[in-house]
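Chemist: structure for the following, please:
(2 chains)
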There are 2 protein chains.
Amino acid sequence: MRVTRLFVDHSFSSEQSVPLSEAQAHYLMNVLRMGLGDPVQLFNGRDGEWRGLIDKITRRRCSITLEKQVSDQRTEPDLWLIFAPIKRARIDFVATKATELGVSALIPVFTEFTDVSRVNTQRLQSNAMEAAEQCGRLSVPEVDEPVNLSEVMKDWPEDRLLLYCDETGGGISINEYLAGQKATGRTEPMAILIGPEGGFSRSELDLLKEKTNFTAIDLGPRILRADTAAVAALSCWQSVLGDWASE
Amino acid sequence: MRVTRLFVDHSFSSEQSVPLSEAQAHYLMNVLRMGLGDPVQLFNGRDGEWRGLIDKITRRRCSITLEKQVSDQRTEPDLWLIFAPIKRARIDFVATKATELGVSALIPVFTEFTDVSRVNTQRLQSNAMEAAEQCGRLSVPEVDEPVNLSEVMKDWPEDRLLLYCDETGGGISINEYLAGQKATGRTEPMAILIGPEGGFSRSELDLLKEKTNFTAIDLGPRILRADTAAVAALSCWQSVLGDWASE
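Modeler: The predicted structure follows:
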């Protein structure tokens, strides 16, 4: 049995009692049927992971007395996923998989051909939290409120590189880009941008092409759904430049 | 609007009338509301892609008169995905995504810690067919009947390399393996093996380790769900050794 891990936005120190949310109390008591004295591990994105024991549990309230730190906070890759929102099941999927694949931020972006006009960022944040708890991460990626692509481009941070997936065939092979970047030895923060199912518009592609630090990449001859493209690009990135790499 | 593409297991030649299945007739007539003379593109996994026009359409029957070939059959990567079956929505997801990512065969395999005891291969085959139609492939991956891991290993074809994802940390970084293999210039057929959520058992890992041509690979420090691991490994493979690569 894997240990139960929960994220809490609370500072940690030895012997401290950390309160859980009502949803977490319900989950431990009614779903996992845990009781007083049962072990739980907590992380807050800053202080590593701590082992603790349930010191109080009722239908709505639960708290954990911290025993000891079991892992230090690790540095995690600084990689944003910027994605045009898609329909419900598949946007949840993107939030979950991107969290497992180690992104630091999830940024929904409206483009010309984006069909979806509302994004439930709170639901995406819960998906990300649950995935982080299950996959052993020591942080939960931040889910931003949706913005327009033009705003993202206007306020782009100078030091961050961006890869966008160009379905029209204008990009370079993703592995060629990643291997080349690895060879330079530089470690700039990065972002991956995935358009909607209909792709970017001609004028969006023209604007993207003009930006310094933006690179069009190619994900092969088959047409990938937007969610597949996101997972594929993140996996390739982690394998070459991220924390899956051997050096 | 993208053109409607359908897979049919039928030979093609110019001016020939090709019958569709009842499900396909229903889809064209009632879902897409197409009628006589509307264009459809067909592929059969052997003769490339052909453009044709609907020459008959009723509730249950439809046929297409072929006009001309619009693309030649391409050679596609020879990559099998062997995977421990998982619960419904996520196994459908694996079949769909693996098809988009260009696998040639999908082979469900029972392992010691596999929870699922039945696999609806017919449903997986329809998922694969639908994904092939949508992603522009000229073939549909074959879905095999499930087998036990021991049988897969006993009858393993000598010339095919296999990568298995070892969650216990015994493997080499996937990119290190793929880049090394690419450097050799050899192009053996390959397979990727993904275990169940609980991982492989100790004795399975021992047996896998003994096999010539089998290599344990590592997908980073986070615990990936089985479906995420499948999509991640296939994406990395395509980007370095498959048809996403630039050379």
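Chemist: I'd say residue A:199 and residue A:113 touch.
Modeler: Yes - using C-beta atoms under 8 Å, residue A:199 is in contact with residue A:113, at 6.6 Å. C-beta: built from backbone N, CA, C; applies to glycine.
Chemist: between those two, which one's more packed in?
Modeler: Of the pair residue A:199 and residue A:113, residue A:199 is the one with more neighbours under other C-beta atoms under 10 Å in any protein chain shown, namely 19 against 14.
Chemist: three-state assignment of the more buried one?
Modeler: coil (DSSP: H, G, I helix; E, B strand; the rest coil).
Chemist: what about the nearest residue to it once chain neighbours are set aside, distance to chain B?
Modeler: Using C-beta to C-beta, 6 or more residues apart in numbering or on different chains and skipping the chain neighbours, the partner closest in space to residue A:199 is residue A:167 (4.6 Å). Per C-beta to the nearest C-beta, to the nearest Å, residue A:167 is found 11 Å from chain B.
Chemist: I'd say residue A:167 and residue A:195 touch.
Modeler: Yes - with contacts counted by C-beta under 8 Å, residue A:167 reaches residue A:195, the gap being 7.4 Å.
Chemist: more crowded one of those two?
Modeler: residue A:195 (26 against 19).
Chemist: quick one: contacts for the closest residue to the more buried one other than its chain neighbours?
Modeler: Excluding its sequence neighbours, the residue lying closest to residue A:195 (C-beta to C-beta, 6+ apart) is residue A:84, at 5.4 Å. Contacts for residue A:84 (C-beta atoms under 8 Å, 6 or more residues apart in numbering or on different chains) come out as A:108-111, A:113-114, A:116, A:194-196, A:226.
Chemist: one step back: list the contacts of the residue nearest to residue A:199.
Modeler: Residue A:167 neighbours (C-beta under 8 Å, 6+ apart): A:195, A:199-200, A:223.
Chemist: change it to 10 Å
Modeler: Under the criterion of C-beta atoms under 10 Å, 6 or more residues apart in numbering or on different chains, the neighbours of residue A:167 are A:195, A:197-200, A:205, A:216, A:218-219, A:223-224, A:226, A:229.
Chemist: any idea which helix or strand carries it?
Modeler: Using DSSP states H and E, residue A:167 sits within no helix or strand.
Chemist: tell me the spacing between it and residue A:30.
Modeler: 46 Å (C-beta to C-beta, to the nearest Å).
Chemist: same deal with residue A:142?
Modeler: 29 Å.
Chemist: need the helices for chain A, in chain order.
Modeler: For chain A, helices defined by DSSP state H occupy the ranges A:22-26, A:88-100, A:121-135, A:149-154, A:174-184, A:202-210, A:226-240.
Chemist: not counting residues beside it along the chain, what's closest to residue A:164?
Modeler: residue A:193 (4.1 Å).
Chemist: might one say that that neighbour is in contact with residue A:160?
Modeler: No - at 11.4 Å, residue A:193 does not count as touching residue A:160 under the criterion of C-beta atoms under 10 Å.
Chemist: mind listing the shared neighbours of those two?
Modeler: Counting by C-beta under 10 Å, 6+ apart, the contacts common to residue A:193 and residue A:160 are residue A:80.
Chemist: those two - which one has more neighbours?
Modeler: Comparing residue A:193 with residue A:160 by other C-beta under 10 Å, the one with more neighbours is residue A:193, at 27 against 14.
Chemist: beta partners for that one?
Modeler: Beta bridges link residue A:193 to residue A:82, residue A:164, judged by DSSP bridges.
Chemist: per the record, what domains does chain A have?
Modeler: Per automatic domain parsing, the structural domains of chain A span A:5-71, A:79-240.
Chemist: what about the longest one, start to end distance?
Modeler: Looking back up the chat, that one is domain A:79-240. 13 Å (C-alpha to C-alpha, to the nearest Å).
Chemist: likewise stretch A:150-169?
Modeler: End to end - C-alpha to C-alpha - stretch A:150-169 spans 22 Å.
Chemist: any idea of the mean pLDDT for that stretch?
Modeler: For stretch A:150-169, the mean pLDDT works out to 94.
Chemist: for stretch A:187-204, same thing?
Modeler: 94.
Chemist: go through it and flag the buried ones.
Modeler: A:190-197, A:199-200, A:204 (16 or more other C-beta atoms under 10 Å in any protein chain shown).
Chemist: as a markdown table, these with distance to residue B:121 would be great.
Modeler: Converted to a markdown table, the buried residues of stretch A:187-204 look like this (distance: C-beta to C-beta, whole Å):
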| residue | distance to residue B:121 |
| --- | --- |
| A:190 | 40 |
| A:191 | 40 |
| A:192 | 34 |
| A:193 | 37 |
| A:194 | 31 |
| A:195 | 34 |
| A:196 | 33 |
| A:197 | 28 |
| A:199 | 33 |
| A:200 | 38 |
| A:204 | 42 |
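Chemist: going by distance to chain B, which of the residues you listed wins?
Modeler: Of all the buried residues of stretch A:187-204, chain B sits closest to residue A:197, with 10.0 Å by C-beta to the nearest C-beta.
Chemist: now the residue nearest to that closest one when sequence neighbours are not counted: how far from residue A:219?
Modeler: Spatial nearest neighbour of residue A:197, chain neighbours left out: residue A:226 (5.5 Å); criterion: C-beta to C-beta, 6+ apart. For residue A:226, the distance to residue A:219 (C-beta to C-beta) stands at 11 Å.
Chemist: what number of residues lie near the residue nearest to residue A:211 when sequence neighbours are not counted?
Modeler: Leaving aside its sequence neighbours, residue A:211 sits nearest to residue A:153 (C-beta to C-beta, 6+ apart; 6.3 Å). Neighbours of residue A:153 under the rule other C-beta under 10 Å: 17.
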